[in-house]
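> any chance you could fold what I've pasted below:
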Amino acid sequence: MQKPRPCVTAGFAGGSWYAHKGAAVDPLCLPRDPEWGIYKDGTDGAKAYVYGAEYETHMSSDLMKSLLNHDIPCAVCLVRNRSVIKMFPGRKTCYKGWKLEYNGYLMAGYYNSVAGSTYSCVDSNPDALHGGHTNKDGKLFYLVEARCGSLKCPPYVEGRELVCAVCSKK
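Numbers count the residues shown, from 1 in each chain. All right, here's what the predicted structure looks like:
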């Protein structure tokens with residue numbers, strides 16, 4: 001079992017609505033204790049928006065199936081004495097000279113949604129927020145699978161979900 005890393009904050013994963021044309025691409029880790037500046041309550045249409053995130057997992061494994069529509073937590077953690085942190089898609093382990101921080105499944109937005117998305121490495125034992133398991137949409141995280149063609153098969157396999165590893169190096 002890995003030693004827990006010191007986390008700066010834990011909160012709620014979020015981002016733009018999955019189908020908005022002008023959606024921001026990056027997911028956010030929103031704090032549980034937000035602070036406010038000058039504000040006006042209510043929506044007036046001339047803004048960008050942020051929504052919570054939920055898992056859109058449709059996979060035969062019981063763990064992934066049980067996460068469908070659950071809201072996603074997040075954490076920002078420190079990695080001491082490391083100068084480079086990199087996510088390696090298609091790997092569960094790190095290359096020689098790198099230290100594994102965690103591994104999991106590669107996730108991104110649905111391929112046919114209007115909004116852009118980014119690839120994220122979600123821990124192989126993902127958490128969900130307590131009580132957040134109804135379908136409210138927002139920023140959606142889907143498992144990423146390989147598609148053969150310009151992506152060479154082998155070594156990749158058509159339709160197989162990709163793993164990922166987050167590694168650090170001094």
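> run a quick neighbour tally on the closest residue to E101 other than its chain neighbours.
Computed as Cβ to Cβ, 6 or more residues apart in numbering, the closest residue to E101 that is not its neighbour in sequence is V166, at 4.6 Å. Using the backbone N, CA and C atoms, a C-beta is placed for each residue, glycine as well. Using other Cβ atoms under 10 Å, V166 is surrounded by 20 other residues.
> give me the three-state assignment for V166.
strand (DSSP: H, G, I helix; E, B strand; the rest coil).
> now it: how far from H130?
Here V166 is placed at a distance of 25 Å from H130 (Cβ to Cβ, to the nearest Å).
> swap in A10?
13 Å.
> those two: which is more packed in?
Just comparing A10 and H130: by other Cβ under 10 Å the higher neighbour count belongs to A10, 14 against 9.
> ok, that one touching L30?
No: using Cβ atoms under 8 Å, A10 is not in contact with L30; the gap is 10.4 Å.
> any shared contact partners between these two?
C74 (Cβ atoms under 8 Å, 6 or more residues apart in numbering).
> phi, psi of the nearest residue to P27 once chain neighbours are set aside?
Once flanking residues are discounted, P27 sits nearest to G15: 4.5 Å by Cβ to Cβ, 6+ apart. Here the main-chain torsion angles of G15 (degrees, to the nearest 10) amount to phi 160, psi -160.
> residue contacts, G15?
Contacts of G15 (Cβ under 8 Å, 6+ apart): A23, A24, D26, P27, L28, V50, Y51, A53, G138, K139.
> of the residues you listed, buried ones?
A23, A24, P27, L28, V50, Y51, A53, G138, K139 (16 or more other Cβ atoms under 10 Å).
> for L100, state which of those is nearest.
Looking at the buried ones among the contacts of G15 and their distance to L100, the nearest is P27, at 22.0 Å (Cβ to Cβ).
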